[in-house]
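> My questions concern the predicted model and sequence given below.
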Amino acid sequence: MLEDGRRFDWSIIEEAGKAHGFDLALALQASHRLLLIGDQSQLPPYNFERFETLFREPPRILNALKMGAQFAPGLIDRAFMNLDANGQIKFSDSCSEWLPMVQFFAELFLRATKSTVAGVSIAQQLKFQHRMHPEIAKLVSECFYKGRLKTHPDAIKRFSEEPPPYSIVAGSWLPAAPVVFIDMPWVQQEKFAGGEEGGDGAPRYSNPTEIEAVGRVLSTIRSVDGVSCHVQVISPYRAQVRRIASAIGDRMRLGADLENLLAPEFDMDVGKRKGATVDEFQGSEADIIIASLVRNNDEKPGKGLGFLADPRRVNVLVSRARHKLVLIGSWNFMESRIDCSVEPNGEEELAHIARLIRFLKHGRQTGSVAVVPYSLTKGSLF
């Protein structure tokens, strides 16, 4: 487009928070009017942490450029080769200027909130959501947006008047509440409790007991004739997603236990409906989300959460469901991670976990959240 000199009246960039500034450069140059839509409270651009670390260590970049010049000299600006002391200082200063470009949308939004046109800020947070059940939206709002996200009145009316696109087996142990937490035994407290497996310094964690719990949830859901329903299983860990997808596929092929998922209204063979990581599923949604949290260990408080320690990843995890959100994890383990000094409304590390637990506790009292001990989920599948 640049070679053709093409220009546009508007450049509209969706999911701008997921792109580096370097990737956005072409779209930003293509127009003098820009609309960027994104969410800096959800996942950052790919490999953000690596870029951030690299820009804070300019000598590593210069060494990489020197090595790269041996293999791809046409891609390396020779001006960066053999810089003198003054040149290296200037390069370090440039790295400091380039660093905000890694999270361009977040940086731009922060600066734009301080700029106004005709008395109106040029950066705005959307105030109303339309797609999530009000109770799920309330969880997301209170845990990650300081209560600023509201459900539009039209959506409140729709969710209260229209039946969900699925049903639950009569007399089932699975409650009808929009948010359900299936409480797995904590390995620190109960003998023979099934905790996480894997690790060894890499995020290859899985949890066989939670895989079985996923199957028990799926076995209680029934389709509504002629009404399409998207059911999705997600987890922060790819190893868990793969094992869940394999287990579901095996049981469906056998035509038993999960034969209800063969209904055309579910169509579990479309896309990644048998499982997706949280990172893969950002920007997508489903009528029912079953989320396997995986982590369940005996590490000391404040440790052992892995990916769940990242508020942006947990935000994505709990905000994908339209009608029903089922969280599978160990309540006592999650609660044990929080230092009693953490202020739920603050910005301390793991404050998002404190807010999540506080919301679930309050919802349990009001009936909008149901907590089911794993021992009450009858039957055995995987």
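Received the coordinates, thanks. Numbering: from 1, shown residues only.
> so which helix or strand takes in the residue minimising distance to the centre of the chain?
Compute the mean C-alpha point of the chain, and by Cα atoms, centre = their mean the closest residue is residue 316, 2.6 Å away. If you go by DSSP states H and E, residue 316 is part of helix 311-318.
> all strands of the chain, in order?
Listed from the start of the chain, the chain has strands (DSSP state E) covering 11-13, 34-36, 116-117, 120-121, 128-129, 150-151, 166-168, 179-183, 221-223, 231-235, 276-277, 286-292, 321-329, 369-373.
> With mean pLDDT added, can I get those in TSV?
As requested, the strands of the chain are exported to TSV (pLDDT from 0 to 100):
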stretch	mean pLDDT
strand 11-13	92
strand 34-36	93
strand 116-117	88
strand 120-121	87
strand 128-129	96
strand 150-151	98
strand 166-168	97
strand 179-183	97
strand 221-223	96
strand 231-235	96
strand 276-277	94
strand 286-292	97
strand 321-329	98
strand 369-373	95
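> how far away is the residue nearest to the centre of the chain from residue 281?
With the distance defined as Cβ to Cβ, to the nearest Å, residue 316 ends up 7 Å from residue 281. For glycine as for every other residue, the C-beta is placed from the backbone atoms N, C-alpha and C.
> can you check residue 120 too?
According to Cβ to Cβ, residue 120 stands 34 Å off from residue 281.
> Going by how many neighbours each has, rank the two and give me the top one.
Ranked by neighbour count (other Cβ atoms under 10 Å), residue 120 and residue 281 place residue 281 first, with 22 against 8.
> contacting residues for that one?
Residue 281 sits next to 232, 234, 272, 316, 320 when contact means Cβ atoms under 8 Å, 6 or more residues apart in numbering.
> do the same with residue 242
Contacts for residue 242 were tallied using Cβ under 8 Å, 6+ apart; they are residue 275.
> Tell me how many other residues crowd residue 278.
Look at residue 278: counted by other Cβ under 10 Å, it has 25 neighbours.
> is it true that it touches residue 318?
No. When contacts are counted by Cβ atoms under 8 Å, residue 278 is not listed as touching residue 318 (9.8 Å).
> now the strands of the chain in JSON lines, with distance to residue 65?
As requested, the strands of the chain are arranged in JSON lines below (distance: least, Cβ to Cβ, whole Å):
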{"stretch": "strand 11-13", "distance to residue 65": "29"}
{"stretch": "strand 34-36", "distance to residue 65": "30"}
{"stretch": "strand 116-117", "distance to residue 65": "41"}
{"stretch": "strand 120-121", "distance to residue 65": "40"}
{"stretch": "strand 128-129", "distance to residue 65": "45"}
{"stretch": "strand 150-151", "distance to residue 65": "49"}
{"stretch": "strand 166-168", "distance to residue 65": "55"}
{"stretch": "strand 179-183", "distance to residue 65": "50"}
{"stretch": "strand 221-223", "distance to residue 65": "54"}
{"stretch": "strand 231-235", "distance to residue 65": "38"}
{"stretch": "strand 276-277", "distance to residue 65": "33"}
{"stretch": "strand 286-292", "distance to residue 65": "42"}
{"stretch": "strand 321-329", "distance to residue 65": "45"}
{"stretch": "strand 369-373", "distance to residue 65": "53"}
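> What is the neighbour count of residue 271?
Burial of residue 271, expressed as a neighbour count using other Cβ under 10 Å, amounts to 11.
> can you check residue 324 too?
When neighbours are counted by other Cβ under 10 Å, residue 324 comes out with 26.
> That one touches residue 289, doesn't it?
Yes. Judged on Cβ under 8 Å, residue 324 makes contact with residue 289 at a distance of 7.3 Å.
> Next one: the nearest residue to residue 311 once chain neighbours are set aside from residue 143, what distance?
Nearest-residue entry for residue 311: residue 352, 3.8 Å, with adjacent residues in sequence omitted and distances by Cβ to Cβ, 6 or more residues apart in numbering. Counting by Cβ to Cβ, the gap between residue 352 and residue 143 amounts to 6 Å.
> Quickly list what's touching both of the two.
Taking Cβ under 8 Å, 6+ apart as the contact rule, residue 352 and residue 143 both touch 314, 315.
> on that earlier part again, thought the residue nearest to residue 311 was touching residue 314?
Yes. If you go by Cβ under 8 Å, residue 352 and residue 314 touch, sitting 5.9 Å apart.
> Can you show me the helices along the chain?
Along the chain, the stretches classed as helices by DSSP state H are 21-29, 48-55, 58-71, 85-102, 104-112, 134-144, 153-161, 208-219, 238-254, 278-281, 311-318, 331-336, 351-366.
> before we move on, back to that, which of the contacts of residue 281 are buried?
Listed as buried from these are 232, 234, 316, 320; burial here means 16 or more other Cβ atoms under 10 Å.
> Out of those, give me the two with the largest separation.
232 and 316 (12.6 Å; Cβ to Cβ).
> about what we covered before: which parts of the helix holding residue 316 are buried?
Burial within helix 311-318, assessed by neighbour count using 16+ other Cβ under 10 Å, is assigned to 311, 312, 313, 314, 315, 316, 317, 318.
> Equivalent analysis for stretch 272-283, please.
273, 274, 275, 276, 277, 278, 281, 282.
> Which one of those residues is nearest to residue 126?
Within the set of those, residue 282 lies nearest residue 126; the separation is 16.5 Å, counting by Cβ to Cβ.
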